[in-house]
Each structure stands twice: as structure tokens, then as C-alpha cells.
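Asker: Sequence first, predicted coordinates after that:
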Amino acid sequence: MSQTLVLYFIMPSEITIYTDGAAKGNPGPGGYGVVMISGKHRLEKSEGFRLTTNNRMELLGVITGLEALKIPDSKVVVYTDSKYVADSVEKGWVFQWEKKSFKSKKNPDLWIRFLKIYRKHHVRFVWIKGHANNTENEVCDRLAVEASAKPILLEDKGYCPTEEDNMLL
């Protein structure tokens, strides 16, 4: 007589991701910080880059957090102090940019990467005020700033300085 073993996987009701990005000089050295929380599990991530912008780091933090998820169709709430990121998604701007192939938009490489991972989950964004004593946002800020100050920084290969940026360098 054969028996069938049925396994039930309990998905967490919701995964919480806090993100922040930083750049000194904007453009300049930058980094992102991510805190991921699911039940009793917690993961902190960060990385620094030689030449980038704060908006790229804000968006890359979100992407990195979402890419770290192992279960498709996860319910995710992303807390960010970036109006650029939160409004672009929640107000639907990025989907309009996508329809126009991101013509004349900054950071198309990251937005394309974001949309690929975003569509694998159920993601909601919540904008929070930065530097307002939100514990996890403060942790992300510290992680981002520390990452940007590391002695060895990665190259942000997708960053293309504009003429305006070049005048600042």
C-alpha cells in the first residue's frame, strides 16, 4: 500500500522591506541599505559604489531587497523615504515610462530590472519621512552611508553621467 505525503508550506503573511540610499556629492560615492523582516527572520544588506546618485541607490536598494526573496508571489510592503521610488510605482508613472521605452527618463537600466522582479510578487510601497526616528529606516540609512564610505567600492555600470552631472565632477 502506498502513502502520499502532502507538504504544506506556510508563507509568511507579509514580508517587510525597509530601504534607503545615499550618495555623497550626488553624483559621488554612494550606497544602499536594506532591512528585510519576515516573522522572526531578519536580513540586512548593503553595498557601496564609486560613482552614482542617491536616486539610483534608493532604487537599487528596493531591487536588491526584492531579488533576495526566494518565494514567488510573496506579499511585500516596502518602506522607503524616497518619493522618487514610491511615487513612481504607486502613482503608476513607471508603467507609463515603460510603454514609452523609458525615453528621456533617468535610470532605465534599474527601472527595467525593478519591473522584472516587481512583477514576481505582490508589492506595495509606503513612503516614510526620512530621519524621523523610524528605527529601521535609520538602520538602512546607516548601512547606506557606511557602504558608501568603504575603501573598496563597486562600479555602478549602469550610471551614465549627464552633461549637467559632468559639470559637477
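Answerer: Nice, thanks for sending it over. Numbering: from 1, shown residues only.

Asker: Identify the residues contacting residue 22.
Answerer: By C-beta atoms under 8 Å, 6 or more residues apart in numbering, residue 22 lies in contact with 30, 31, 32, 33, 54, 57, 141, 144, 145, 147, 148. For glycine as for every other residue, the C-beta is placed from the backbone atoms N, C-alpha and C.

Asker: repeat for residue 29
Answerer: With C-beta under 8 Å, 6+ apart, residue 29 has these contacts: 23, 48, 49, 50, 51, 52, 148, 149, 153.

Asker: out of those residues, who has the most neighbours?
Answerer: Tallying neighbours with other C-beta atoms under 10 Å puts residue 52 at the head of the contacts of residue 29, with 29 neighbours.

Asker: Could you pull up the residues touching that one?
Answerer: Contacts for residue 52 (C-beta under 8 Å, 6+ apart) come out as 23, 27, 28, 29, 30, 156, 159.

Asker: List just the nearest of the residues you listed to residue 91.
Answerer: Nearest to residue 91 out of those is residue 23 (C-beta to C-beta; 23.7 Å).

Asker: bridging residues for that closest one?
Answerer: residue 30 (DSSP bridges).

Asker: gap between it and residue 149?
Answerer: According to C-beta to C-beta, to the nearest Å, residue 23 stands 12 Å off from residue 149.
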